[in-house]
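# Build me a structure from this.
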Amino acid sequence: MAGRGWFPGLLLLFGLLFTAGAVAAEPLRLLVPAFFGPEPLSQQVRTSLYFEMIKAFSAIDAPDKGAWILYGEEPAAAPTHDAILATAAWPSVRADLAIWGQVHAFDDGVVLQLYLSLTPLLRQRQVRPELWSLTLRGRDRKQYQLSLDLPGRYYAFEPVLLSREAILQFSSPQGTKLYSARQGGEPIGSVGEVMRFYEIYDDALLIATDGRKGWVHTRAITRSDSEALAFAKGMVRLLRGDWRGAQQSFAIVLANPAVPQGLRIQALLYTGLAMEKGGGSGRKEFEAAYRLNRLDRSAAAYLLMNCLADLARMQAGADSAVQAAALARGRQTLNTTRPLFAVDDPWLHKVEQILGEKD
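Numbers count the residues shown, from 1 in each chain. Down below sits the predicted model:
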């Protein structure tokens, strides 16, 4: 990776079995910029998070053309979403998303305020697994294509309490010790400028660097399941078309009863999306998200899209009574959610053309 101040981790997984439904996504570029906070603590936290995020690529059925995980030595101009987007847009970076934060010492541990920013560059990717598209025939017999993009671009998570012992294990990726075995073993070298990952586990990473292959030992950096880390990993998996891995990550978020409502709605929507893209139905998740906030336009849009997906699944010769019931459900959902959309919304107009005249 050209450019001063950036440590490139080239993530390539070999020897993995992929499902037939895997999406051939192009390499994702994830930025972990310099964190804001006292040194060397902030750099240690950032390095620990860097290795933790690599674990988001561990699913054996993930589509894979590699990923760039960029470790930023230079800080953004300010701890804001806009400043991070500006940093991610640098010619030497061009990241699709960034995970960043602020670090504070706290009692015998460390508190991390974590953020996730999706950049405009994400929409310029040639292959976008996260984009949900359907083509259906309208009541006027014309073909209509509808798409839904991710509703969120910026996430601020609840503070995370990290284990000081865990984050002190790393100072920076470059120079981290390599061992001869996944557990134990002898030191056989250290990490160089570029890493190639072969196997990923919760406790260790098998990598090749500078012509040498060895294990980086890791440990959990939080004292309990963190919805912030789980959500960030889920987003990475979603953007790479790893539908099963995304569901597993967002399930951790949803299992926490203290998760803020807004984040819970997003996790439900993304879980439903992963289910739909994986060949199933996300109806239960979309309905749950909409019940949490009946004024949430994104939840309404995903629920409507699910109604259309049900119709698309039935168009290949389903029983007429079943089709009629699905159409009635779609029209009822449309009538209920229509006030959330602008009168001249082109996406809603297509939905109306497919589901029929206004009741």
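
# and the residue nearest the centre of the chain, what element?
Nearest to the mean C-alpha position of the chain, by CA atoms, centre = their mean, lies residue 235 at 0.7 Å. In this assignment (DSSP states H and E), residue 235 forms part of helix 227-239.

# what mean pLDDT does that helix have?
Averaged across helix 227-239, the pLDDT comes to 93.

# mind checking which helix or strand of the chain has the lowest mean pLDDT?
Across the helices and strands of the chain, the lowest-confidence element by mean pLDDT, DSSP states H and E is strand 6-11, at a mean of 46.

# for the very next helix or strand once past that one, packing partners?
Sequence-wise, the next helix or strand downstream of strand 6-11 (DSSP H and E) is strand 28-32. Counting contacts by 3 or more CB pairs under 8 Å, 6 or more residues apart in numbering; DSSP states H and E, strand 28-32 packs against helix 41-54, strand 67-72, helix 81-88, strand 97-106, helix 227-239. Backbone N, C-alpha and C define where each C-beta goes, glycine included.

# So residue 136, which state does it fall into?
Here residue 136 takes the strand state, with states given by DSSP: H, G, I helix; E, B strand; the rest coil.

# Also the one 10 residues further on?
Recorded secondary structure, residue 146: strand (three-state DSSP).

# how near is it to residue 51?
Using CB to CB, to the nearest Å, residue 146 is found at 40 Å from residue 51.

# More neighbours: these two, which one.
Using other CB atoms under 10 Å, the more surrounded residue of residue 146 and residue 51 is residue 51, with 23 against 20.

# tally of neighbours for the nearest residue to the more buried one once chain neighbours are set aside?
In space, and not counting its chain neighbours, residue 51 is closest to residue 218: 5.4 Å by CB to CB, 6 or more residues apart in numbering. Applying other CB under 10 Å, we find 21 residues neighbouring residue 218.

# List the contacts of residue 218.
51-52, 55, 169, 202-205 (CB atoms under 8 Å, 6 or more residues apart in numbering).

# just the buried members of these?
By the neighbour-count criterion of 16 or more other CB atoms under 10 Å, these include these buried positions: 51-52, 55, 169, 204-205.

# What is the most widely separated pair among those residues?
Farthest pair in the buried ones among the contacts of residue 218 (CB to CB) is 55 and 169. Separation: 14.6 Å.

# so where do the helices sit in this structure?
Here the chain has its helices, by DSSP state H, at 41-54, 81-88, 164-167, 227-239, 243-254, 261-277, 283-292, 297-314, 320-337, 346-355.

# Could you export the third one as CSV, CA atoms only?
In other words, helix 164-167. The C-alpha coordinates for helix 164-167 follow below in CSV (Å, rounded to 0.1, in the frame of the first residue of the first chain):
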residue,chain,number,x,y,z
ARG,A,164,-6.2,-3.9,30.3
GLU,A,165,-4.3,-7.2,30.3
ALA,A,166,-5.6,-8.1,26.8
ILE,A,167,-4.9,-4.7,25.2
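
# Can you pull out the low-pLDDT segments for the stretch 51-200 of the chain?
58-66 (pLDDT under 70).

# one more time with 90
Scanning the stretch 51-200 of the chain for pLDDT under 90 picks out the ranges 51-76, 91-93, 104-111, 126-127, 137-141, 160-177, 183-185, 187, 189-200.

# one step back: the residue nearest to the centre of the chain against residue 97, yeah?
Yes: between residue 235 and residue 97 there is a contact at 7.0 Å, judged by CB atoms under 8 Å.

# got the domain boundaries for the protein?
The chain breaks down by automatic domain parsing into domains covering 6-128+155-174, 132-152+224-354.
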